[in-house]
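Visitor: Only the shape, not the letters, is given here:
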């Protein structure tokens, strides 16, 4: 709305050949547009970064054989084989593990690798302390493991985070609110000056 009012004021200033006001209004419009473009780009980059954390393939047990399958075809209960250098294709409960170390920074913010093992933990255990589960989008830096898929896609922890981010309605930052208020004041002043 503010941008529309400012563009209208700029048109009036141009018709009245008031070039100083026209330049001032143009600067305000350009700043307003630039701020919004930057904020939208940041939000889109965050969404793309989460999407990039998912993997497109997985080694799973199918018909008694290890096969490389599309990660989107994994279902609850599938047996999946994991090895160092791979991104985890789904949330997986470990049933066998050998020196498995995983970077879970996408979920927990912790930058150092954590050891994973098969020993069960309580159902009320915090996400970062669930050492018997590896999560979709995390990265295996050492070891090997076998596990059962317990969640996939949007139901996996990373998928839930992605869904929450997608559902968030954009809210104005304090800077945006101030710029909008400033834009209204400037628009009113410009319209008043242009009218006289």
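Guide: Arrived safely. Everything quoted here is computed from the prediction, not taken from an experiment. Residues are numbered from 1 along each chain as shown.
Visitor: mind checking how far the closest residue to residue 72 other than its chain neighbours is from residue 159?
Guide: Residue nearest to residue 72 in three dimensions, not counting chain neighbours: residue 153, with 7.3 Å by CB to CB, 6 or more residues apart in numbering. Glycine gets a C-beta too; all of them are placed from N, C-alpha and C. According to CB to CB, to the nearest Å, residue 153 and residue 159 sit 5 Å apart.
Visitor: now the helices for this structure?
Guide: 2-15, 19-52, 105-108, 157-167, 174-195 (DSSP state H).
Visitor: can I get those helices in TSV with mean pLDDT and mean neighbour count?
Guide: Output for these, formatted as TSV (pLDDT from 0 to 100; neighbours: other CB atoms under 10 Å):
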stretch	mean pLDDT	mean neighbour count
helix 2-15	81	17
helix 19-52	81	13
helix 105-108	79	17
helix 157-167	74	15
helix 174-195	76	14
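Visitor: Ok, which of those comes nearest residue 71?
Guide: helix 157-167 (11.8 Å; CB to CB).
Visitor: Now do that closest one: distance to the chain's middle.
Guide: Distance of helix 157-167 from its chain centroid, counting by CA atoms, centre = their mean, to the nearest Å, is 8 Å.
Visitor: if I look at residue 153 and residue 159, which residues touch both of them?
Guide: The contact sets of residue 153 and residue 159 do not overlap (CB atoms under 8 Å, 6 or more residues apart in numbering).
Visitor: Leaving out sequence neighbours, find the closest residue to the residue nearest the centre of the chain.
Guide: The centroid of the chain falls nearest to residue 47 when counting by CA atoms, centre = their mean (3.2 Å). In space, residue 47 comes closest to residue 165 once its chain neighbours are excluded; the distance is 6.3 Å by CB to CB, 6+ apart.
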